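> take this sequence and fold it.
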Amino acid sequence: MTIGYLALVLHAHLPFVRHPESDYVLEEEWLFEAIAETYVPLLQVFEGLVRDGIDFKITMSMTPPLVAMLRDPLLQDRFDDHLAKLQELAELEIEHHSGSGHLRYLAEHYAAHFCQVRNYWEKCDRDLVKAFKKFQDSNNLEIMTCGATHGYLPLMKMYPEAVWAQIQVACESYEQNFGRRPKGIWLPECAYYEGLERMLADAGLRYFLTDGHGILYARPRPRYGSYAPIFTECGVAAFGRDHESSQQVWSSEVGYPGAAEYREFYKDLGWEAEYDYIKPYIMPNGQRKNTGIKYHKITGRGLGLGDKQLYDPYWAREKTAEHASNFAFNRERQVEHLHGIMQRPPIIVSPYDAELFGHWWYEGPWFLDYLFRKSWYDQNTYEMTHLADYLQENPNQQVCRPSQSSWGFRGFHEYWLNDTNAWIYPHLHKAAERMIELGSMEPEDELQFRALNQAAREVLLAQSSDWAFIMRTGTMVPYAVRRTRSHLMRFHKLYDEVKEGKVDAGWLEKVEEIDNIFPEINYRVYRSL
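Presented below is the predicted three-dimensional model:
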């Protein structure tokens with residue numbers, strides 16, 4: 001009989017990046033890379049577990065922007081073209097390395113992988129949302145929602161209508177895509193502020209995730225720390241992240257992904273190959289970029305990229321089996337220790353970015369596959385669960401008030417509010433104020449109704465926490481700045497035109513085509529609460 005629970009939680013999110021106005025935008029490849037390296041490999045793991053009779057349990061968030069992009073025909077077509085290029089390059093690499101056994105072996109490995117992705121992609125009719133939903137319907141997977149555009153909720157709490165719009169639009173989008181209301185929500189960046197739970201309850205949500213210190217510093221202090229959820233006073237449960245199990249996986253310094261046998265992310269064929277050879281497979285303007293074909297392993301700490309040895313998927317897979325055994329062993333000891341102290345079954349909640357598994361850590365899906373199998377066959381100390389099942393089976397928990405928190409640097413809000421990105425917030429606040437004003441209007445005709453709905457979309461898209469995050473990390477900053485400014489400018493133009501009663505129909509149609517997220521949105525979601 002098991003004496004505890006382990007809940008793996010994956011946060012699948014990408015910002016809404018879709019540019020029909022351009023033939024090529026590099027940032028669209030964030031989605032294509034995630035499909036080929038994370039989402040399809042995860043689905044293949046799930047398929048294999050079901051095939052072998054393993055009743056696995058896992059929780060995932062699928063954010064509204066990601067779901068919208070996965071179901072967008074334009075992006076599906078562009079992924080088809082992207083994958084075809086990769087397949088062509090892999091076949092060319094097999095021929096190119098006909099005289100080198102190891103490099104040919106690696107090229108064949110990538111060719112086989114891209115072929116498997118293609119087969120699965122076509123098998124599910126290019127609809128990965130439907131493929132994930134199948135595992136939700138079998139109760140192996142619990143899919144959560146998130147903020148409508150991953151807006152950082154504590155930094156908009158002075159405008160409750162804006163927070164409500166992020167929550168309600170997300171729940172409506174979820175229902176349209178998954179056929180039921182969501183039970184749980186991954187708060188964007190796990191960022192919580194006191195009082196947020198009342199809106200979650202009003203939206204019909206039963207639970208949310210926060211960082212561990214959001215639970216540890218709750219009032220009163222939770223008796224079981226972060227190893228049991230707490231109920232807020234309005235009945236919504238809060239689960240806290242377990243630092244120990246999380247760090248073992250996500251940290252490239254002390255965690256598994258830094259092992260010498262694993263693939264080196266930063267040494268890619270797009271930067272290594274001769275220019276004339278690789279030119280057809282990089283950016284149309286001739287700039288190099290990552291292709292996803294990487295021939296080297298991490299090898300050792302402190303080595304330069306030029307000192308890396310060739311990668312071997314066989315030994316990397318063997319290492320994931322070792323690491324999965326270690327992870328399971330550590331969770332067994334952790335559960336035994338906690339059960340002895342708590343005198344009740346603890347739950348260890350281990351949340352990660354989904355894109356860690358496959359994209360950043362190439363071997364991550366293999367690790368998950370082994371972990372599920374070893375947990376199923378090799379131990380009886382803990383039971384793997386998803387969060388909805390856990391709450392149904394354990395309905396009695398302590399009532400507390402969580403502490404303000406996030407899972408960002410230093411645990412609060414400074415990663416999204418600092419000298420790199422603070423300039424955006426006066427503009428976001430002004431847009432929120434104006435959108436709340438528009439929320440109380442009644443449209444004079446269908447054109448004005450469309451303009452009001454588009455204004456709501458533009459505010460939501462400008463609020464994405466991804467733009468502030470990118471500005472702070474210093475990568476792709478011009479794109480993040482441009483996106484923030486463009487959505488704000490479109491919003492203010494719409495606001496002015498609606499107020500003047502002179503909507504530019506041709507321009508509105510173009511903007512509706514570009515920013516076509518949330519086709520069923522109703523701007524009245526911003527009406528004063």
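
> where does this structure dip in pLDDT?
Along the chain, the parts satisfying pLDDT under 70 run over 252.

> max-length helix in it?
The helix that spans the most residues within the chain, counting by DSSP state H, is helix 313-342.

> just checking, next helix/strand downstream of that helix?
strand 347-353 (DSSP states H and E).

> what sits up against that next one?
Contacting residues not belonging to strand 347-353 are listed as 4-11, 13, 186, 190, 209, 226-229, 239-242, 245-246, 249-250, 331, 334-335, 338, 382, 385, 387, 390, 394, 407 [C-beta atoms under 8 Å, 6 or more residues apart in numbering]. For glycine as for every other residue, the C-beta is placed from the backbone atoms N, C-alpha and C.

> which positions in it come out as buried?
Of the residues in strand 347-353, those with enough neighbours to count as buried (16 or more other C-beta atoms under 10 Å) are 347, 348, 349, 350, 351, 352.

> show me the contacts for residue 140.
When contacts are taken as C-beta under 8 Å, 6+ apart, residue 140 is in contact with 46, 49, 50, 55, 56, 57, 58.

> switch to 10 Å and redo it
Taking C-beta atoms under 10 Å, 6 or more residues apart in numbering as the contact definition, residue 140 lies against 46, 49, 50, 54, 55, 56, 57, 58, 134, 372, 386.

> A helix includes the second one, no?
Translated: residue 49. Yes: the assignment for residue 49 by DSSP: H, G, I helix; E, B strand; the rest coil puts it in a helix.

> pretty sure it is in contact with residue 365, am I right?
No: under the criterion of C-beta atoms under 10 Å, residue 49 lies out of contact with residue 365, with a separation of 11.4 Å.

> tell me how far the ends of stretch 272-283 are from each other?
Stretch 272-283 stretches 15 Å from its first residue to its last (C-alpha to C-alpha, to the nearest Å).

> look at the residue of the chain positioned farthest from its centre and tell me its secondary structure.
Among the C-alpha atoms of the chain, the one farthest from their average position, using C-alpha atoms, centre = their mean, is that of residue 99, at 40.9 Å. Using three-state DSSP as the criterion, the local structure at residue 99 reads coil.

> hang on, the earlier thing: for the longest helix of the chain, packing partners?
If contacts are counted by 3 or more C-beta pairs under 10 Å, 6 or more residues apart in numbering; DSSP states H and E, helix 313-342 sits against strand 4-12, helix 101-123, helix 243-250, strand 347-353, helix 364-377, strand 382-384.

> what do you get if the cut-off is 8 Å, keeping everything else the same?
Based on contacts counted as 3 or more C-beta pairs under 8 Å, 6 or more residues apart in numbering; DSSP states H and E, the elements that helix 313-342 packs against are strand 4-12, helix 243-250, strand 347-353, helix 364-377, strand 382-384.

> which outside residues touch the shortest one?
Read it as strand 382-384. When contacts are taken as C-beta under 8 Å, 6+ apart, the neighbours of strand 382-384 outside the stretch itself are 2-8, 56-58, 331-332, 335, 348, 372, 375-376.

> those, buried ones only, as a ChimeraX selection?
In ChimeraX syntax, the buried subset of those is picked out as below (16+ other C-beta under 10 Å):
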select :3,4,5,6,7,8,56,57,58,331,332,335,348,372,375,376
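
> chain center to the helix or strand hosting residue 452: distance?
For residue 452, the enclosing helix or strand under DSSP H and E is helix 446-462. When distances are taken as C-alpha atoms, centre = their mean, to the nearest Å, helix 446-462 is centred 25 Å away from the chain's centroid.

> quick one: contacts of it?
Outside helix 446-462, the residues within contact range by C-beta under 8 Å, 6+ apart are 16, 148-149, 151, 162, 165-166, 169, 427-428, 431-432, 435, 438, 441, 443, 483-484, 487-488, 490-491, 494-495, 497-498, 501, 503, 505, 508, 511-512, 515, 517-518, 521-523, 525-526.

> now these: which count as buried?
By neighbour count, with 16+ other C-beta under 10 Å, the contacts of helix 446-462 hold 16, 148-149, 151, 162, 165-166, 169, 427-428, 431-432, 435, 438, 443, 483-484, 487-488, 490-491, 494-495, 497-498, 503, 508, 511, 515, 517-518, 521-523, 525-526 as buried.

> can you pull out the strands in the stretch 151-300 of the chain?
Listed from the start of the chain, the stretch 151-300 of the chain has strands (DSSP state E, counting those that start in this stretch) covering 184-186, 207-210, 230-231, 237-240.

> packing partners for the last one?
Just to be clear, that refers to strand 237-240. Using 3+ C-beta pairs under 8 Å, 6+ apart: strand 237-240 touches strand 207-210, helix 212-216, strand 230-231, strand 347-353.

> helices or strands next to the third one in the packing?
Contacts defined by 3+ C-beta pairs under 8 Å, 6+ apart place strand 230-231 against strand 237-240.

> the strand it packs on pairs with which strands, and in what direction?
strand 207-210 (parallel), strand 230-231 (antiparallel) (DSSP bridges).

> buried deepest among these, which one?
Highest mean neighbour count among the strands paired with strand 237-240 (mean count of other C-beta atoms under 10 Å): strand 207-210, with a mean of 25.

> want to throw the helices and strands packed on helix 313-342 into CSV with distance to residue 471?
Supplementary listing: those in CSV, determined by distance: least, C-beta to C-beta, whole Å:
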stretch, distance to residue 471
strand 4-12, 21
helix 243-250, 22
strand 347-353, 19
helix 364-377, 27
strand 382-384, 38
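
> what ranges does the stretch 1-150 of the chain have for its helices?
Ranges of helices within the stretch 1-150 of the chain are 29-34, 40-51, 64-70, 73-96, 101-123, 128-137, based on DSSP state H, counting those that start in this stretch.

> hmm, who's touching the fourth one?
Contacts to helix 73-96, defined as C-beta under 8 Å, 6+ apart, come from residues 18, 20, 28-29, 31-32, 35-36, 69, 103-104, 107-108, 110-111, 114-115, 117-118, 121, 126, 269, 277, 281, 291-293.

> before we move on, the earlier item: may I ask which two of the contacts of residue 140 are separated the most?
Put simply, by C-beta to C-beta the two of the contacts of residue 140 set farthest apart are 134 and 372, 17.1 Å from each other.

> quick check: residue 376 touching residue 56?
Yes: using C-beta atoms under 8 Å, residue 376 and residue 56 qualify as a contacting pair, with a distance of 7.3 Å.

> so which of the helices of the stretch 1-150 of the chain comes closest to residue 474?
helix 29-34 (16.7 Å).

> tell me what that closest one is packed against?
Helices and strands touching helix 29-34, by 3+ C-beta pairs under 8 Å, 6+ apart, are helix 64-70, helix 73-96.

> near residue 502, how many other residues are there?
Residue 502 has 9 neighbours, counted by other C-beta atoms under 10 Å.

> ok, now residue 322?
Residue 322 has 14 neighbouring residues, counting by other C-beta under 10 Å.

> try residue 363
Residues contacting residue 363 under the criterion other C-beta under 10 Å number 22.

> gap between it and residue 436?
When distance is defined by C-beta to C-beta, to the nearest Å, residue 363 is 47 Å away from residue 436.
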